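> turn this into a structure:
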Amino acid sequence: MIGAVRRAGATTGRIHFPGAGGFAICAARRSACLRRHNAVWVLPDQAWMPSPLSVVERLDVVTGPFAYLRLLGDREAVDALTPTLDHIVIDRGAQVADDARAIQILRQRVPVAAFVNKHFAGYAPETARQLVTLTHEADSASADG
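I've put the predicted structure just below:
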């Protein structure tokens, strides 16, 4: 796939892999390719993809110098509930807790960056606060335990 990207003259450095349908089949090839290029495996929290936590628990996804989670959600579901994205409209607390756990696991090996989209739950700043709070709570529990 890299050859195809290079032939196409792409300069973004992004490599496209098949979606969830080919996920399990190409995971080993995907991770090997990303490692060869010291590229980061992006872990999306999106309706039709395996959750970041389930992927982190099953596979070694540390392929570059840091880990990266993207909390994207379901645009259509959120847009159907509100015309304005200024408050939480879908309670994704359990997903955010799972994402915080994935961050904890990954952070034992590499720094972790996370992106929260406004369509994840309806209001990205609040979702980001929840993620930070849950991540810090998990830190405190680990330190105490």
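> show me what the strand or helix carrying Leu134 is in contact with.
Here Leu134 sits within helix 124-144, counting by DSSP states H and E. For helix 124-144, the external contacting residues (C-beta atoms under 8 Å, 6 or more residues apart in numbering) are 71, 85, 87-88, 92-93, 96-97, 99-101, 103-104, 114, 116-118, 120-121. C-betas here are computed from N, CA, C, even on glycine.
> the strand ranked longest in the chain - what's its average pLDDT?
Ranked by residue count and defined by DSSP state E, the top strand of the chain is strand 67-73. Averaged across strand 67-73, pLDDT comes to 96.
> list the buried ones in whichever helix or strand comes after that strand?
The first helix or strand that comes after strand 67-73 along the chain, using DSSP H and E, is helix 75-81. By neighbour count with 16 or more other C-beta atoms under 10 Å, helix 75-81 contains the buried residues Val78.
> just checking the distance from whatever helix or strand comes next after helix 75-81 to the centre of its chain.
As assigned by DSSP H and E, the chain's next helix or strand after helix 75-81 is helix 93-107. Centroid separation between helix 93-107 and its chain, computed with C-alpha atoms, centre = their mean, to the nearest Å, is 10 Å.
> who does the helix or strand just after helix 93-107 touch, helix- and strand-wise?
Under the assignment DSSP H and E, the closest C-terminal helix or strand after helix 93-107 is strand 112-116. Packing partners of strand 112-116 (3 or more C-beta pairs under 8 Å, 6 or more residues apart in numbering; DSSP states H and E): strand 67-73, helix 93-107, helix 124-144.
> packing partners for the shortest one?
This means strand 67-73. With contacts defined as 3+ C-beta pairs under 8 Å, 6+ apart, strand 67-73 has these neighbours: strand 42-46, helix 93-107, strand 112-116.
> make it 6 Å
Packing contacts for strand 67-73, counted by 3 or more C-beta pairs under 6 Å, 6 or more residues apart in numbering; DSSP states H and E, involve strand 42-46, strand 112-116.
> what angle sits between the helix holding Leu134 and helix 93-107?
Calculated by axes from the mean of the first three to the mean of the last three C-alpha atoms, to 10 degrees, helix 124-144 forms an angle of 50 degrees with helix 93-107.
> alright, I will stop here.
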